[in-house]
Every structure is written in structure tokens, then in C-alpha cells.
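>>> Next one to model:
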Amino acid sequence: MYELKTKETDSSVIEFIESVDNTRKREDAYRLLDVFTEITGYEAKMWGTSIIGFGKYHYKYESGHEGDAPLVGFSPRKAKISLYFATGDTQREKLLKDFGKHTTGKACVYINKVADIHVDILKELIKQSVMFLKETYPNQ
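Numbers count the residues shown, from 1 in each chain. Coordinates of the predicted model:
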């Protein structure tokens, strides 16, 4: 059976942020930590070795694949900062139109730095993602 690599751990979020080599990226990680904590009300937890997640939900796909994942999160990676929001939410695309400089993947939104985006839109993306996942997976 498939084993999830990205699981919630007891590792320190602060130690992880302090290990980020790039000073600007480390400062941005602290800014994002504040924003995500304020908006979600959840304590930040490490997921795997490099994702800072907030809250969690249990998903189960029609294929039978299931697991736990953070409601929202971010990771200050070497190349870009990855922001994790719910996939499949049509509101996400609407909000991203006014978000600022970013690129998207299937599950991630990538930014170079917090100064490139509108933090008010980030807050709305976080709220919308949490709401969408709680509606999609109500029995948590």
C-alpha cells in the first residue's frame, strides 16, 4: 500500500524557519507564519521536512486513496515560496487574478517574495481554502 511521505511531525517550526539560508526568505517565512496563524487560528505544525501546515483534514478519493493533509500551508523553498491551498475550488482562481506576481501548479501557488503579492488577497485565499475544505470534508 502507498505510504504518505508528507505527514504531520513534532519537528519545530521555528527551528525549520531558522534553518532557511536566505535572509529575505526567512523573514518572509516569519511573515507568512504570522498571517496563516492569524487567519486560521491553528498552531503551525511541520508536515514532512519542509512544509508548515495549519489545521488538517482527512481526504478519501474515489480511487480509494486516502490520507491527512494540512488545510493550508507554505514552504520557503530554495527557488520559490510554495503556498498550499485547496485544489478544485473555483474561488481560488478568481482570487488569484488580483493576487500579484505568482505562478501556479496543480496544488501550489508559487511566489518569489511576500512583497510581490497583496497580503489582503492572501488572507482571503487562506479563508476560502479552509472554508472549501471544511465544506468538502465536513466530518472532521
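
>>> Sticking with residue 14, tell me its helix or strand.
Element membership of residue 14 [criterion: DSSP states H and E] is helix 13-18.

>>> What are the contacting residues of that helix?
Residues outside helix 13-18 that contact it (C-beta atoms under 8 Å, 6 or more residues apart in numbering) are 26, 29-30, 33, 44-46, 49-50, 52, 76. In this view, the C-beta of every residue, glycine as well, is placed from N, C-alpha and C.

>>> run the last query once more with 10 Å
Contacts of helix 13-18 with the rest of the structure, by C-beta atoms under 10 Å, 6 or more residues apart in numbering, involve 9, 12, 25-30, 32-33, 37, 43-46, 49-53, 75-76.

>>> again with stretch 19-26
Stretch 19-26 is touched from outside by 12, 17-18, 27-30, 50, 75-78, 80-81, 112-115, with contacts defined as C-beta under 10 Å, 6+ apart.

>>> Please compute how far the helix or strand bottoming out on mean pLDDT in the chain lies from its chain's middle.
Within the chain, judged by mean pLDDT, DSSP states H and E, the helix or strand with the poorest mean is strand 57-60; its value is a mean of 85. On the basis of C-alpha atoms, centre = their mean, to the nearest Å, strand 57-60 is displaced by 16 Å from the centre of the chain it belongs to.

>>> can I get the CA coordinates of that strand in PDB?
Listed next in PDB are the C-alpha coordinates belonging to strand 57-60 (Å, rounded to 0.1, in the frame of the first residue of the first chain):
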ATOM      1  CA  TYR A  57      -8.400  17.200   7.200                       C
ATOM      2  CA  HIS A  58      -8.800  13.600   6.100                       C
ATOM      3  CA  TYR A  59      -9.500  13.000   2.500                       C
ATOM      4  CA  LYS A  60     -10.600  10.000   0.600                       C
END
